[in-house]
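**Student:** Have a look at this prediction, sequence included:
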Amino acid sequence: MQRVATELDAVLKTHPDVAYHHLVLRTSWRWTHVRVVPFFVRLLAQLPRYVAQHHIDVVLFSSMVTASVALLLRRHPKMHATRLVAIAHGRDVTLPVAAYQQLVPRVLQRLDAVLPVSRATAQACLERGMPPSRVHIVPNGIDPGRFTHLPDRQQARAALEEALGLELPEGALLLCSVGRQVRRKGFAWFVDAVLPRLPEQVHYWLAGDGPDAAAIQAAIARHGLQKRVRRLGRVPDPILQLLYRAADLFIMPNIPVAGDLEGFGVVLLEANLCGTPTLAAQLDGIQDVITEGQNGHLIESRNAEGFVRWILYYMHNPDALEELSERAAAYVRQHFTWEIIGQHYVQTLKAICQQPPVMA
């Protein structure tokens with residue numbers, strides 16, 4: 001969410017059809033919970049002045065969390081003619097906390113529109129009372145400039161091994177996953193249910209950390225996979241790019257967890273841009289990122305046989321894997337760059353401004 005907000009901010013700032021002003025909370029993830037309340041107070045004080053001073057047509061909140069200030073802003077006399085719009089990512093709508101779930105429908109009622117990043121997130125908004133006419137799906141984008149001058153796969157693999165002090169056998173098929181290690185990501189399930197059914201030359205490296213790390217480690221130990229499954233922890237961007245480029249397939253094996261929605265999956269776009277196609281669970285917002293056979297394959301969640309089948313297919317068909325790799329990178333450049341998505345935002349916001357604002 002932070003990276004999406006930052007990159008969208010940069011796009012809108014330079015868009016020729018937009019006069020753009022922003023109020024931004026700059027903080028690390030560690031300090032967000034401390035600084036967010038003072039930031040909300042600042043929003044309530046400054047936004048009405050901004051709106052009046054700059055003749056703002058629409059205020060765009062970067063998530064449903066920040067959009068909560070709409071409950072008070074909508075009543076302000078300077079805000080009556082201004083459209084209030086929020087981006088909805090997924091868990092910022094479905095967070096399974098009773099008090100928060102009582103708040104979300106009230107916030108939606110005060111918004112002129114919500115921009116979910118996927119059909120799954122849109123459905124979550126509809127279930128909480130948002131009228132369909134005020135729901136406009138706009139997917140996340142990605143900056144292709146982050147992934148330039150990439151080495152070829154073998155060079156990337158050698159550089160990654162050196163940087164991490166790890167070694168892959170000659171001819172290994174490398175699978176990778178990236179993300180916060182929580183239950184819905186399905187990493188522990190994948191290690192438990194899929195890796196033991198794959199040949200020795202298939203290795204799996206995971207970047208990230210989180211509360212499910214112990215379950216992943218337990219699955220590794222249970223099946224004696226310490227040499228084939230590596231938990232890398234959090235890695236800096238240069239190492240992350242090497243991992244994406246060095247891997248043969250990106251794995252996103254999500255499992256359903258009540259109240260914990262995978263709204264989109266920007267890591268899928270990152271991997272694809274590095275030429276790494278995806279095998280992913282056919283679940284939640286992931287389905288809006290992967291187009292079958294173009295940038296990967298969707299597999300029924302918890303279908304171990306489906307994951308095994310595709311992994312073995314590409315292990316035995318390297319030419320098909322190379323073709324899918326090229327299609328994946330091209331597909332993301334054609335559909336998900338910020339140049340394309342930014343224009344979608346501008347067109348959508350213009351259309352919203354043609355409608356009368358929601359009254360307090």
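**Tutor:** It's in.
**Student:** Domain-wise, how is this protein divided?
**Tutor:** The record assigns the chain these domain ranges, following automatic domain parsing: 2-141+338-353, 144-335.
**Student:** End to end on the last one, go ahead and measure it.
**Tutor:** Domain 144-335 has an end-to-end distance of 12 Å (Cα to Cα, to the nearest Å).
**Student:** any idea of the mean pLDDT for it?
**Tutor:** Regarding domain 144-335, the rounded mean pLDDT is 97.
**Student:** residue ranges of the strands in the stretch 251-360 of the chain, please?
**Tutor:** Taking DSSP state E, counting those that start in this stretch to define them, one finds strands in the stretch 251-360 of the chain at 278-281, 296-299.
**Student:** can you redo those strands as CSV with mean neighbour count?
**Tutor:** The C-beta positions use only the backbone N, C-alpha and C, and glycine is treated the same way. Listed next are those as CSV, based on neighbours: other Cβ atoms under 10 Å:
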stretch, mean neighbour count
strand 278-281, 25
strand 296-299, 23
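**Student:** how about these in JSON lines, adding distance to G90?
**Tutor:** Formatted as JSON lines, those follow (distance: least, Cβ to Cβ, whole Å):
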{"stretch": "strand 278-281", "distance to G90": "14"}
{"stretch": "strand 296-299", "distance to G90": "17"}
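**Student:** burial measure for A330, as a count.
**Tutor:** 15 (other Cβ atoms under 10 Å).
**Student:** Against F336, how distant is it?
**Tutor:** Distance of A330 to F336, computed by Cβ to Cβ, to the nearest Å: 11 Å.
**Student:** repeat for H297
**Tutor:** Distance from H297 to F336, by Cβ to Cβ: 18 Å.
**Student:** So which of the domains of the chain is nearest M359?
**Tutor:** Among the domains of the chain, domain 2-141+338-353 comes nearest to M359, with 7.6 Å by Cβ to Cβ.
**Student:** What is the longest helix of this protein by residue count?
**Tutor:** helix 32-54 (DSSP state H).
**Student:** quick one: contacts of that one?
**Tutor:** For helix 32-54, the external contacting residues (Cβ atoms under 8 Å, 6 or more residues apart in numbering) are 19, 21, 23, 25, 27, 56, 59, 65-66, 68-69, 72-73, 76, 78-79, 82.
**Student:** Buried ones among the residues you listed?
**Tutor:** Buried members of these, counted by 16 or more other Cβ atoms under 10 Å: L25, I56, V59, V65, T66, S68, V69, L73, M79, T82.
**Student:** May I ask which helix or strand encompasses the third one?
**Tutor:** Translated: V59. strand 58-61 (DSSP states H and E).
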